[in-house]
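Student: Predicted model and sequence follow; I will ask about them next.
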Amino acid sequence: MTTMKTIGDSFMSAFYAVYNILWGDLITIPLPGGSTLGLSLLVLILIPSGIYFTLRTRFLPFRMFPEMLRVTAEKRNVSQKDAISGLQALIVSTATRVGMGNLVGVVAAISAGGAGAVFWMWIIALLGSSTAFIEGTLAQLYKEKDPLYGGYRGGPAYYIHHLFIKKGSPRKRSLIAVLFALSGLICWCGISQVIGNSVSSAFENAFRIPPLYTTIILVVLSAVIVLRKNATVKVLDILVPIMAACYFVMTVFIIIKNAALLPSVLQQIFSEAFGLRQAVAGGFGAVIMNGAKRGLFSNEAGSGSAPCAAAAADVSHPAKEGLLQALGVFIDTIVICSCSAMIMLLAPSSMTDGLMGMDLLQAAMEHHLGAFGVIFIAAILWLFSFSTFIGILFYARSNVSYLFGDNWLSQTLYKILALIMLFIGGLAAYTFVWDLGDFGVGLMTIFNMIALFPLAPQAIRSLKDYESGLKKN
């Protein structure tokens, strides 16, 4: 018994040692006013990468934005049976990007860093768009036919494999690709539990429904969809546009209702972004880092999640899917996260002082829309979380196949494991599993970025080829 406890303690110590390297302040920079700027390993990797890819793509998020919209509006044409279109792949990746982080995460960033955190969230999203383009295009360049589900599959595990294992090699798997795939499966199990807990808590607060009942309904509905062969994309095709549109329209209504306050809110965002007040108060570091972290971890650019959906798309040119995934980052952060920020910042501070997380957002919505606002946020959280769960199981398909081969047994067992985690999370929150999700996404990012830099020239060439075709046409 003592030996088992010692092994357990050693494992936890090692786990949190790696966790702190990924997410803790690796470098601390002193700032004027007595504040400090803490930089984690992931921030040190993702922000310079975003700047580098933005320069290499010649400021793609700004230059190619009209083309992103045009590609989104293109007619859906698929040449492979059971394949999904580029727009459908965008919807799947949007389903997982747009989750609880867009609600509570933005509120937490503003609570810790002030309104100025929103500005830095926008900047990081624009940089992340270029990273998302590189990932999405590489996923298309290295996609394979999917013998189980039909259509295509791929993602970081597959382009990492091709980077390290040359054609004709007897080796069947690359160590880095295996580690990426395992990290993804660990991450998505942790997220499954977080989703269950978030939904059951929101419904208990809004409707006084016991967590057990909410969790059973959530798990049963999820099982009906994810255990069927090709139901995921069909459901998300309907669900994601509706939930995103509802949240956006409701926010526009709130902005119009409070139009007189909008100039002062925008002035607050820009003035606090550059620490005009925070530098004196010693909080400038918190403004930058909370905005940066919210932007990085909400839009997922660089983590390698969205390319698992991007690879499944049947598009006429690899760069098209890259452009769609770049647009996905814009939708997630510039649109949806900004909605949450405006809902909170347009509410009087007297209504939200001392509140955190979901309670804060529900209080702000109650001010704007009365009791309906609380119900609306609970319902939107349910939709966001539900779509995230079925979206991450779509991601998991390619990673499970890479690790265990093409068989229904391994696919089904992982789905059942995720459903169990969803159920457990609905009844109780275990901090370790929340950390496990962060741990997994941190490792995914490290392994994915190892491949992005050496493979990026291929994505750049694809972009140049695509632009050359546009000029000819």
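Tutor: Perfect, thanks for sending it. Numbering: from 1, shown residues only.

Student: how much space between Glu135 and Tyr142?
Tutor: When C-beta to C-beta, to the nearest Å is the yardstick, Glu135 and Tyr142 sit 11 Å from each other. To be clear about C-beta, it is placed using only N, CA and C from the backbone, and glycine gets the same treatment.

Student: helix or strand right after the helix or strand harbouring Thr214?
Tutor: Element membership for Thr214 (DSSP states H and E) is helix 211-226. Later in the chain than helix 211-226, the nearest helix or strand by DSSP H and E is helix 231-257.

Student: buried set for that next one?
Tutor: By neighbour count with 16 or more other C-beta atoms under 10 Å, helix 231-257 contains the buried residues 232-233, 235-237, 239-240, 243-244, 247, 250-251, 254-255.

Student: Kindly export the helix holding Thr214 (C-alpha atoms) in PDB.
Tutor: Output of helix 211-226 as PDB, limited to C-alpha atoms (Å, rounded to 0.1, in the frame of the first residue of the first chain):
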ATOM      1  CA  PRO A 211     -26.900  17.400 -11.900                       C
ATOM      2  CA  LEU A 212     -27.700  13.700 -12.300                       C
ATOM      3  CA  TYR A 213     -30.700  14.400 -14.500                       C
ATOM      4  CA  THR A 214     -28.900  16.900 -16.700                       C
ATOM      5  CA  THR A 215     -25.900  14.600 -17.100                       C
ATOM      6  CA  ILE A 216     -28.000  11.500 -18.000                       C
ATOM      7  CA  ILE A 217     -29.800  13.500 -20.800                       C
ATOM      8  CA  LEU A 218     -26.500  15.000 -22.100                       C
ATOM      9  CA  VAL A 219     -24.800  11.600 -22.200                       C
ATOM     10  CA  VAL A 220     -27.700   9.800 -23.900                       C
ATOM     11  CA  LEU A 221     -28.000  12.500 -26.600                       C
ATOM     12  CA  SER A 222     -24.300  12.500 -27.100                       C
ATOM     13  CA  ALA A 223     -24.200   8.700 -27.400                       C
ATOM     14  CA  VAL A 224     -26.900   8.600 -30.000                       C
ATOM     15  CA  ILE A 225     -24.900  10.900 -32.200                       C
ATOM     16  CA  VAL A 226     -21.300   9.800 -31.700                       C
END
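
Student: now that helix and helix 231-257, what's the angle there?
Tutor: Between helix 211-226 and helix 231-257, the angle formed by their directions is 120 degrees, by axes from the mean of the first three to the mean of the last three C-alpha atoms, to 10 degrees.

Student: List the buried residues in helix 211-226.
Tutor: Going by neighbour count (16+ other C-beta under 10 Å), the buried part of helix 211-226 is Pro211, Thr214, Thr215, Ile217, Leu218, Val219, Ser222, Ala223, Ile225, Val226.

Student: Isn't the fifth one up against Leu419?
Tutor: No: counting by C-beta atoms under 8 Å, Leu218 does not reach Leu419; the two are 9.7 Å apart.

Student: What is the longest helix of this protein by residue count?
Tutor: Ranked by number of residues, the top helix in the chain under DSSP state H is helix 431-472.

Student: what pLDDT, on average, does it get?
Tutor: Helix 431-472 comes out with an average pLDDT of 85.

Student: and that helix, how far out from the chain's middle?
Tutor: 13 Å (C-alpha atoms, centre = their mean, to the nearest Å).

Student: Against which helices or strands is it packed?
Tutor: Helices and strands touching helix 431-472, by 3 or more C-beta pairs under 8 Å, 6 or more residues apart in numbering; DSSP states H and E, are helix 2-23, helix 41-56, helix 116-141, helix 156-164, helix 175-207, helix 318-329.

Student: cutoff 6 Å now
Tutor: Applying 3 or more C-beta pairs under 6 Å, 6 or more residues apart in numbering; DSSP states H and E, we find helix 431-472 packed against helix 41-56, helix 116-141, helix 156-164, helix 175-207, helix 318-329.

Student: on contacts alone, who are the packing partners of whichever helix or strand comes after the first one?
Tutor: Scanning forward in sequence from helix 41-56, with DSSP H and E defining helices and strands, the next element found is helix 60-63. Packed against helix 60-63 by the contact rule (3+ C-beta pairs under 6 Å, 6+ apart) you find helix 116-141.

Student: Show the average pLDDT along stretch 121-139.
Tutor: 88.

Student: Then stretch 403-420?
Tutor: 90.

Student: Return the closest of the buried residues of helix 211-226 with respect to Gly304.
Tutor: Val226 (20.9 Å; C-beta to C-beta).
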